[in-house]
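[1] Show me how the following folds:
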Amino acid sequence: MNRWWVVVGALVIQISLGAVYIWSVFQTPLLEAFPEWTETQVTLPAQIVLAAFALAVIVGGRIQDRLGPRIVATAGGIILGSGLILARFAGEFEPTTALVWLIITYSVLGGIGIGVAYVCPIATCVKWFPDKRGLITGLAVAGFGAGAFFFAPLAQSLVCEDPYQLFNAALFQMPNVGVFNTFLILGIIFLVVVTGGAQLLRNPPEGYSPPGWTPPETGTQANAQNVNYSPSEMLKTPAFWVLWITYFAGCTAGLLIIMKASPIWQSFALESMSTPVSAEAFLSVSGAGAVAVSVLAIFNSAGRILWGKVSDTLDRRTTLAIMFVLCGVAMLTLDWMRVYPLYLTGISVVGLCFGGYLALYPAVTADFFGTKHIGANYGWMFTAYGVGGLAGPYLAARLMQVVDHIPYYTRCPVEGVLLEKVFALGDYRLAFWTAGIACLIAAVLITQLKPNKPKPDQD
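    So this is what the prediction gives:
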């Protein structure tokens, strides 16, 4: 089998799984449908889907190490699609029950499906490409970052009857189906695409090595040829916990922005507008928020390839240190970037670095702990992402200070009727600063990391 077909399957799967990052597009329409919900409540499904995602990676990684990636990724696609299809019925319930239903379907079932399917392309590509580990893990997860670029404007157009837009260029008109039927449509798409891409995944033959490739003799990449830690052995090493803490810091910063990119921009933009804000002006601000999510997705995806390639040349620890410094500085200065081009610049830097973390940590896990148990080992490492997924959106919601209530008119999604709503204007500075300082600390920690020594009982 040509090993590049595995990369094609990985990209097809990951583009659909990456739609987990478009929650911020749903936030305002859901608050309009359920005015009783608080900012913390509407953020809860986004937090739980990331936690379920991360926990499912552990299970999916362990199972795919035994059954192979094709079967496990297919199961993940079925679970994910079913979860979103069932989420469509949240609109039939009263507010409290609707929130519980969304958490069970979108967050728990959807998160399990994403996690089970997500680990399969990564573990498979790492085994097929020992010669290009950083680049290929970047490509394997690039689609995950790019998914929001395509699906955020799709969700926005389906919810609000806007044209499907990329970079504010209207491409074609979409029907107004509302926020809940949008879940149904996305569920069907993910079910078909993920299960289809899974059919291209399979492990290489035992002992596979690319023709003409000579393993390196020094550095952490060379170390991967001499170590094969089981999950229980890995968890006892200091290196694992340093990597976990730094991964957690990077994911907290990145997911804080990704899950709140649209409402953060709405707060920045609405602050300077005269009130009440017209329906046209509010839809323009909301549309700009959706564009910000798409731009963020591009840099999230590009960062996975860029930093993966860079790390194959530089030592991966050096590459990570550079990324943590850039991300930390961007977070510490983001509150001053209230002009739209500056805002896009700031979140793009965060997205670029966040994408790099998702590309490098699978490769770093293989470098430090070997490839024999990479599915299960990276599953444990990936729990840092899950905890960061809880912490990042929580910081944004919990540390946000409501500084004003801005009245605005909207025609979406309530059947074209003009209604007056109130937007809670937020101050996110404390959340930005907390995440930024954590990234700078992570930059220091990662430079102190040393490769593991080969085990005396290598099998």
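
[2] At which residues are the helices of the stretch 251-400 of the chain located?
    279-313, 316-333, 340-369, 374-381, 383-398 (DSSP state H, counting those that start in this stretch).

[3] Taking helix 279-313 as reference, get the angle to the third one.
    Put simply, helix 340-369 runs at 30 degrees to helix 279-313, going by axes from the mean of the first three to the mean of the last three CA atoms, to 10 degrees.

[4] Check which residues of helix 340-369 are buried.
    Across helix 340-369, burial judged by 16 or more other CB atoms under 10 Å covers 343-344, 346-369. Bear in mind the C-beta positions are built from the backbone N, C-alpha and C, glycine included.

[5] Please name every helix or strand in contact with that helix.
    helix 110-128, helix 133-160, helix 219-223, helix 238-270, helix 279-313, helix 316-333, helix 374-381 (3 or more CB pairs under 8 Å, 6 or more residues apart in numbering; DSSP states H and E).

[6] Reformat these into a markdown table and put distance to residue 28, mean pLDDT and mean neighbour count next to each item.
    Formatted as a markdown table, the helices and strands packed on helix 340-369 follow (distance: least, CB to CB, whole Å; pLDDT from 0 to 100; neighbours: other CB atoms under 10 Å):
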| stretch | distance to residue 28 | mean pLDDT | mean neighbour count |
| --- | --- | --- | --- |
| helix 110-128 | 20 | 89 | 29 |
| helix 133-160 | 9 | 79 | 26 |
| helix 219-223 | 44 | 50 | 18 |
| helix 238-270 | 7 | 90 | 24 |
| helix 279-313 | 6 | 84 | 22 |
| helix 316-333 | 23 | 95 | 22 |
| helix 374-381 | 34 | 86 | 26 |
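
[7] Reformat the helices of the stretch 251-400 of the chain as JSON lines; add distance to residue 246.
    Written out in JSON lines, the entries for these read as follows (distance: least, CB to CB, whole Å):
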{"stretch": "helix 279-313", "distance to residue 246": "14"}
{"stretch": "helix 316-333", "distance to residue 246": "7"}
{"stretch": "helix 340-369", "distance to residue 246": "9"}
{"stretch": "helix 374-381", "distance to residue 246": "11"}
{"stretch": "helix 383-398", "distance to residue 246": "8"}
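
[8] Between those helices, which one is closest to residue 257.
    helix 340-369 (4.8 Å; CB to CB).

[9] closest to residue 36 out of the helices and strands packed on helix 340-369?
    helix 238-270 (17.8 Å).

[10] and that closest one, how far from the chain's centre?
    10 Å (CA atoms, centre = their mean, to the nearest Å).

[11] That one to helix 383-398, inter-axis angle?
    Interaxial angle, helix 238-270 versus helix 383-398 (the same axes, to 10 degrees): 30 degrees.

[12] if I look at the residue nearest to residue 448 when sequence neighbours are not counted, how far off is residue 228?
    Residue nearest to residue 448 in three dimensions, not counting chain neighbours: residue 242, with 7.4 Å by CB to CB, 6 or more residues apart in numbering. Counting by CB to CB, to the nearest Å, the gap from residue 242 to residue 228 is 20 Å.

[13] so what's the closest residue to residue 353 other than its chain neighbours up against?
    Nearest residue to residue 353 in three dimensions, chain neighbours excluded: residue 327, at 3.9 Å (CB to CB, 6+ apart). Applying CB atoms under 8 Å, 6 or more residues apart in numbering, we find residue 327 in contact with 250, 253-254, 349-350, 353-354, 436, 439.

[14] Likewise for residue 257?
    Counted by CB under 8 Å, 6+ apart, residue 257 has contacts 264, 296, 331, 334, 347, 350-351, 354, 392.

[15] Looking at these, point me to the pair that's furthest apart.
    The widest separation within the contacts of residue 257 (CB to CB) is 15.2 Å, between 264 and 354.

[16] State the three-state secondary structure for the closest residue in space to residue 397 that isn't next to it in sequence.
    Of all residues not flanking residue 397 in the chain, residue 43 sits nearest, at 4.4 Å (CB to CB, 6+ apart). Using DSSP: H, G, I helix; E, B strand; the rest coil, the structure places residue 43 in helix.

[17] pLDDT below threshold where in the stretch 301-450 of the chain?
    Applying pLDDT under 70 to the stretch 301-450 of the chain picks out residues 403, 409-419.

[18] can you rerun that using 50?
    Flagging of the stretch 301-450 of the chain using pLDDT under 50 yields the residue ranges 413-414.

[19] For residue 200, state which of the contacts of residue 327 is nearest.
    Nearest to residue 200, judged by CB to CB, of the contacts of residue 327 is residue 354 at 26.7 Å.

[20] I figured the closest one hits residue 250, correct?
    Yes. Contact criterion CB atoms under 8 Å: residue 354 and residue 250 qualify, at 6.5 Å.

[21] quick one, which of the helices of the stretch 251-400 of the chain is nearest to residue 133?
    Distance to residue 133, taken as CB to CB, is lowest for helix 340-369 among the helices of the stretch 251-400 of the chain, at 4.7 Å.

[22] tell me the angle the closest one makes with helix 133-160.
    Computed by the same axes, to 10 degrees, the angle separating helix 340-369 from helix 133-160 equals 140 degrees.

[23] so how far is helix 340-369 off the chain centroid?
    10 Å.

[24] same question, stretch 165-184
    21 Å.

[25] same thing with stretch 14-21?
    That offset, for stretch 14-21, works out to 7 Å (CA atoms, centre = their mean).

[26] cool, and stretch 258-271?
    Using CA atoms, centre = their mean, the distance from the centre of stretch 258-271 to the centre of the chain it belongs to is 18 Å.

[27] do stretch 433-446 as well
    Worked out by CA atoms, centre = their mean, stretch 433-446 lies 19 Å from the chain centre.

[28] Over to stretch 438-457?
    Computed by CA atoms, centre = their mean, the separation of stretch 438-457 from the middle of its chain amounts to 24 Å.

[29] can you list contacts of that stretch?
    By CB under 8 Å, 6+ apart, stretch 438-457 touches 219-220, 223, 226-229, 233, 237, 239, 242-243, 245-246, 249-250, 252-253, 317-318, 320-321, 324-325, 327-328, 331, 367-369.

[30] same thing with stretch 156-172?
    25-26, 29, 149, 153-154, 173-179, 181-182, 185, 283, 286-287, 290-291, 294-295, 412-413.
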